[in-house]
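J.: the sequence and its predicted three-dimensional model are supplied below.
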Amino acid sequence: MLQFNICDCSRIVVYYNMTRKGNMKKIVIFDLDGTLALIDKRRDISTDDKGKMDWSKFFDPTMVDLDDPNTPVITMANLLSTDYHIWILSGRSDVTHQATIYWLAKHNVNYDHLVMRP
């Protein structure tokens, strides 16, 4: 395991398969919410006065565009993409899949594979 600390609030952990064969690139895995995407605005709008999260509002595809890019982490992902496959694993609902793909393109995030929960 390799670990990169790129600022006080962001940490990237790189896992790779030690048994890779041939010319296969190693894989770097990034989380989406809170790592590549800063979700504070969407979380604030989706939380009521008592602190309870409205998950249907949080996972509303029209809300994804409120997320800000975490530029240092995106820069690291893009730099690593020349030597590694970039996989993004997310706990986001698959309902936001198209909006997420649009957001990643809008913020120029290089990646090879996106996995979201059903």
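T.: Yep, that arrived. Model, not experiment: these values are computed from the prediction.
J.: please count neighbours and contacts with C-alpha atoms only from this point.
T.: Will do.
J.: all strands of this protein, in order?
T.: Secondary structure of the chain by DSSP state E: the strands cover 2-7, 10-14, 26-31, 37-38, 68-69, 84-93, 113-117.
J.: what's the pLDDT at the spatially most central residue of the chain?
T.: To find the centre residue of the chain, average its C-alpha atoms and take the closest one (Cα atoms, centre = their mean): that gives Leu32, at 1.8 Å. On the pLDDT scale, Leu32 is placed at 96.
J.: what's the nearest residue to Ala99 if we skip its chain neighbours?
T.: The spatially closest residue to Ala99, leaving aside those adjacent along the chain, is Pro61, at 5.7 Å (Cα to Cα, 6 or more residues apart in numbering).
J.: who's in contact with the one you found?
T.: Contacts were defined as Cα atoms under 8 Å, 6 or more residues apart in numbering; by that measure Pro61 touches Val95, Thr96, Gln98, Ala99.
J.: so what's the first one up against?
T.: Taking Cα under 8 Å, 6+ apart as the definition of contact, the neighbours of Val95 are Phe59, Asp60, Pro61, Pro118.
J.: want to throw those residues into TSV with pLDDT and distance to Val28?
T.: Shown next, in TSV, are those (pLDDT from 0 to 100; distance: Cα to Cα, whole Å):
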residue	pLDDT	distance to Val28
Phe59	93	25
Asp60	96	28
Pro61	96	26
Pro118	84	22
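J.: helices - which of these land there?
T.: For the contacts of Val95, membership in helices holds for none, with DSSP state H as the criterion.
J.: circling back to that earlier point, distance-wise, check the residue nearest to the centre of the chain relative to His97.
T.: From Leu32 across to His97, the span is 12 Å (Cα to Cα, to the nearest Å).
J.: related to what we said a few turns ago, dump the contacts of Pro61 into JSON lines; add pLDDT and distance to Thr71 as well.
T.: Rendered in JSON lines, the data for those read as follows (pLDDT from 0 to 100; distance: Cα to Cα, whole Å):
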{"residue": "Val95", "pLDDT": "94", "distance to Thr71": "25"}
{"residue": "Thr96", "pLDDT": "95", "distance to Thr71": "21"}
{"residue": "Gln98", "pLDDT": "97", "distance to Thr71": "21"}
{"residue": "Ala99", "pLDDT": "97", "distance to Thr71": "19"}
